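>>> Fold the stuff below for me.
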Amino acid sequence: MLGVIGFVIVMAGLMLSIALHEIGHLLPAKKFGVRVSQYMVGFGPTLWSRTRGETEYGVKAIPLGGYIRMIGMFPPRNDGNVADETRGRLGTMIEDTRAESLSEIVPGEESRTFYNLSVPRKLTVMFGGPVTNLILAFVLFTISMCVIGSPQATTTLSTIYTCVPTDSNPTGIASVDGGCGEGVKTSAALLGLRAGDQLVAINGVALTNWYDLGSQLRGQQGKPTVITFNRDGVSKTESVVLGQITDAEGTRGFLGVSPSTMMHKESITHVGPFMNDLARESVSALGTFPTSVYHLARELFSSTPRDPNGPVSVIGIGKIGGEIASMPDISLSSKVASSLDLLGSLNLFLFLFNMLPILPLDGGHIAGALYEGLRRTWARIRRVSDLPGPADTAKLMPLAYIVSIALVAMSAVVILADIIKPISLG
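Numbers count the residues shown, from 1 in each chain. This is a model prediction of the structure:
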């Protein structure tokens, strides 16, 4: 049940992120007087919609994105002519797209079109969505790291194991009579360590954190080892011959204790560098995304294990959220922090993905506006009296259709993989 709740919460967070992204476009567009005919979250069949003023607001069935529909996204042809059938299929596609965009303009609304906005206003509208995701990512990471915090192991002991784990007794639990059967007692049990004791030093070397313990015990198996610990504010020092355990890491010293944890809160100054590092990894992942999807497609119907660091769809993200919620060994606050981290990472990825300078992504329209601005700036430098008109981004629509088809195909592969070979946190 917790898994289902976690799945629903993460999917709701995803939909909210998409909705806020579109609001980031909607508000400046309306502020600048552009008529927005639709605001939709999702694609495909409409599940619900309602018209308020001149805008239809709604939710669609496929939660893979969203859009706002602004009139006049593409400008008329510079020569003022209509579609030229002699241009071939690509030319017809361009002119059909242009005609559809212009058909929404009611006489007298020419000044309310997107293409008539100034370059700074176009950039404000198109940057609004991605920047909203960037701000959301910062807020989510800040809440997770600085308000909730993350569990950190301390040198205060939580559990004392009675027996050194063996194949027949992997948990190290004592028998009914308190013995260890064919096994041996741990050094911690022989010392009489208790839950709540705080380890201070090993062989006189102070422990600054829990992870220092492993390095200090390394190579100490079978040797007298001096343990310093605090109990109820009183420092105690005891010596014991350190036991040993053999596992995948080899034979090593084994004390027989586990740490208690505390929630460690980071400073807000930690969030920016963390997001910068994560952004670098995400940009690298975007660069290899087509290749990763190709390899994933080959893995789908083979015995090859799926790469746990490969691409994940919204279905996979929801499943990961469900796994986080159903984990029995972590606290509620840790589950909330992990879910916020997941949504924060998703919003940062949405920002970076939408900044790619290709249509139909926001970055494509941003690139068009920047090109328009550069042309006009160059014309002013040359003192041309008749400044160039809006950038004719309609000419890029054939490329936009190719990109759209590629994105749909790659999304289908990843979704299918998340159904057939889902990634598990385990």
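>>> which intervals of this protein have sub-threshold pLDDT?
For the chain, the stretches with pLDDT under 70 are 79-87, 248-249, 426.
>>> Quick check, central residue of it?
Nearest to the geometric centre of the chain sits S345, at 2.2 Å (CA atoms, centre = their mean).
>>> That one: which element?
According to DSSP states H and E, S345 maps onto helix 332-354.
>>> which of the residues in that helix are buried?
Buried residues in helix 332-354, counting neighbours by 16 or more other CB atoms under 10 Å, are found at 334-354. In this view, the C-beta of every residue, glycine as well, is placed from N, C-alpha and C.
>>> re the thing from before, now the residue nearest to the centre of the chain. Nearest residue, chain neighbours left out?
Computed as CB to CB, 6 or more residues apart in numbering, the closest residue to S345 that is not its neighbour in sequence is L278, at 6.6 Å.
>>> Am I right that the one you found is in contact with L348?
Yes. Counting by CB atoms under 8 Å, L278 touches L348, with 6.1 Å between them.
>>> where's G88 relative to D392, distance?
17 Å (CB to CB, to the nearest Å).
>>> who's more crowded, those two?
Neighbour count, other CB atoms under 10 Å: between G88 and D392, D392 has more, with 18 against 9.
>>> Can you name the residues that contact that one?
For D392, the contact set (CB atoms under 8 Å, 6 or more residues apart in numbering) comprises F74, P75, R77, N78.
>>> repeat that with 7 Å
Neighbour list for D392: P75, N78 [criterion: CB atoms under 7 Å, 6 or more residues apart in numbering].
>>> V312 too?
Counting by CB under 7 Å, 6+ apart, V312 touches V414, D418, I423.
>>> cutoff 8 Å now
So V312 contacts I320, V414, D418, I423 (CB under 8 Å, 6+ apart).
>>> ok, now I62?
Contact analysis of I62 by CB under 8 Å, 6+ apart lists G42, F43, G44.
>>> Beyond the helix or strand harbouring A153, next helix or strand please.
Secondary-structure assignment from DSSP H and E places A153 in strand 150-160. For strand 150-160, the following helix or strand on the C-terminal side (DSSP H and E) is helix 187-191.
>>> buried ones in that next one?
Across helix 187-191, burial judged by 16+ other CB under 10 Å covers S187, A188, A189, L191.
>>> Could you do stretch 293-302 as well?
Buried residues in stretch 293-302 (16+ other CB under 10 Å): V293, L296, A297, E299.
>>> Just name the closest of the contacts of I62 to D362, please.
Set against D362, the nearest of the contacts of I62 by CB to CB is F43 (15.8 Å).
>>> That closest one - how many residues pack around it?
15.
>>> quick check, it in a helix?
No. Remark: F43 does not belong to a helix; assigned using DSSP: H, G, I helix; E, B strand; the rest coil, it is strand.
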